[in-house]
Structures are given as C-alpha cells and as structure tokens.
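Visitor: pasting the sequence and the predicted model now:
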Amino acid sequence: MFTTLRLPLIGLLSLTLAQAALAADCATVQSRGAEVFANECGVCHAVAKGAVGMMGPNLAGVVGRKSGSLEGFNYSQAMRNKNIDWQAENIEQLITQPQAYVPGTYMPYMGMASADDRQAVVCYLKEQH
Ligand code: HEC
C-alpha cells in the first residue's frame with residue numbers, strides 16, 4: 001500500500017526538481033545570452049521597450065508574441081503567414097537557420113551553430129519584457 005502511494009509522489013517530486021533545474025539553468029546562462037545577443041542579434045534588433053532596431057522588429061516581449069505581429073513593422077509575407085506564437089523552441093529553430101524555418105524571410109542571418117548559445121540567447125530574450 002505504501003509503495004503504490006509513494007511512487008506517484010516521487011514522480012511528482014522529480015518532475016518539480018527537473019523544472020527547477022531548467023529554470024536555474026536559464027538563470028546561469030542569461031549573462032552569456034546577453035553577450036551572444038549583443039554580438040549576433042543586437043546589430044539589427046533592439047530589446048529596450050519601444051526602441052527601434054536597425055533593421056529587425058523590436059524583441060521586447062517576443063516570447064509569447066505572435067509571429068509577424070509587431071505593429072508598424074514591415075514584415076515579409078513569409079513571416080506574416082507563419083502564424084505561430086514565439087516560444088523558446090521555435091525561436092531556437094528560427095535562429096538555427098532562419099531561411100530554413102521561414103523560407104523567404106527578410107531576416108538576413110546565416111544561423112547560429114552552437115546549441116548552448118541558442119539556448120542562452122533565448123533565456124535572455126525571456127527576460128526582455
Ligand atoms: C542582419 C539583421 C538581423 C540579424 C543579425 C538578426 N535578425 Fe532577427 N530579424 C531580422 C528581420 C529583418 C526580421 C523580420 C523578418 C521577416 O519579416 O521575414 C527578423 C525577425 C526576427 C524574429 C521574429 C520577430 C517577430 O516579430 O515575428 C525573431 C524572433 C528574431 N528575428 C530573432 C533574432 C535573434 C535571436 C537574432 C540573433 C541570433 C537575430 N534575430 C538576428 C533581422 C535580423
């Protein structure tokens with residue numbers, strides 16, 4: 001009887017621990033993410049709320065935002081038609097190879113090879129509101 005009770009509890013506990021570990025991981029790579037963003041994305045994208053980027057849409061609050069939806073930005077037809085909500089996973093896919101993920105996109109970025117850097121930059125973006 002005890003084992004049947006204990007098993008789901010252990011499962012729940014390890015799930016919570018796994019989620020906590022993920023959140024902690026993000027916290028530890030955020031400064032790395034800021035650096036990667038400055039080097040790889042900042043030339044085109046602003047993250048300060050309301051600031052206008054050099055070429056790309058402002059990315060403040062991009063996590064959870066609908067693709068191609070920033071008021072006043074002239075998106076490609078491809079981005080307008082993509083119709084997704086930006087989340088960690090699909091932002092990582094976009095920056096891995098923009099032209100493969102959104103064929104016809106205006107984002108002239110070749111892609112980021114390092115999975116660690118992609119994750120760090122997305123962790124950083126999550127904190128830009
Ligand atoms: C050389 C300029 C340039 C660079 C570098 C660049 N982007 Fe972009 N980005 C753009 C442009 C232009 C668009 C709009 C694309 C379109 O309309 O097809 C865009 C779109 C996006 C979008 C979709 C936003 C929305 O409102 O739907 C995200 C997310 C994004 N970029 C993230 C990044 C990240 C993260 C990096 C760095 C790894 C990066 N970009 C590097 C120019 C750039």
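Guide: Received it, and whenever you're ready, just let me know what you need. Numbering: from 1, shown residues only.

Visitor: list the contacts of the closest residue to Asn58 other than its chain neighbours.
Guide: Spatial nearest neighbour of Asn58, excluding adjacent residues (CB to CB, 6 or more residues apart in numbering): Ala46 at 5.1 Å. Placement of C-beta: from N, CA and C, glycine included. Applying CB atoms under 8 Å, 6 or more residues apart in numbering, we find Ala46 in contact with 52-54, 58-60.

Visitor: equivalent analysis for Arg80, please.
Guide: By CB under 8 Å, 6+ apart, the contact set of Arg80 is Gly68.

Visitor: and it, that one's in a strand?
Guide: No. Assignment of Arg80 by DSSP: H, G, I helix; E, B strand; the rest coil gives helix, placing it outside any strand.

Visitor: tell me which helix or strand of the protein sits lowest on mean pLDDT?
Guide: Here the helix or strand of the chain ranked lowest by mean pLDDT, DSSP states H and E is helix 2-40, holding a mean of 71.

Visitor: how about the residue nearest to Gly53 when sequence neighbours are not counted, secondary structure?
Guide: Among residues not flanking Gly53 along the chain, Ala46 sits closest, at 4.1 Å (CB to CB, 6+ apart). Under three-state DSSP, the three-state class of Ala46 is coil.

Visitor: mind checking pLDDT for Ala46?
Guide: What the model reports for Ala46 is a pLDDT of 97.

Visitor: distance check, it against the ligand.
Guide: To the ligand, Ala46 is 11 Å away according to CB to the nearest ligand atom, to the nearest Å.

Visitor: do you know how far that residue is from Met54?
Guide: Per CB to CB, to the nearest Å, Ala46 is found 8 Å from Met54.

Visitor: and Ala60, by the same measure?
Guide: Going from Ala60 to Met54 by CB to CB gives 15 Å.

Visitor: stretch 95-108 and the ligand in contact?
Guide: Yes. Using CB under 6 Å from any ligand atom, stretch 95-108 reaches the ligand at 95, 105-108.

Visitor: now those: which count as buried?
Guide: Buried members of these, scored by 16 or more other CB atoms under 10 Å, are 95, 105, 107.
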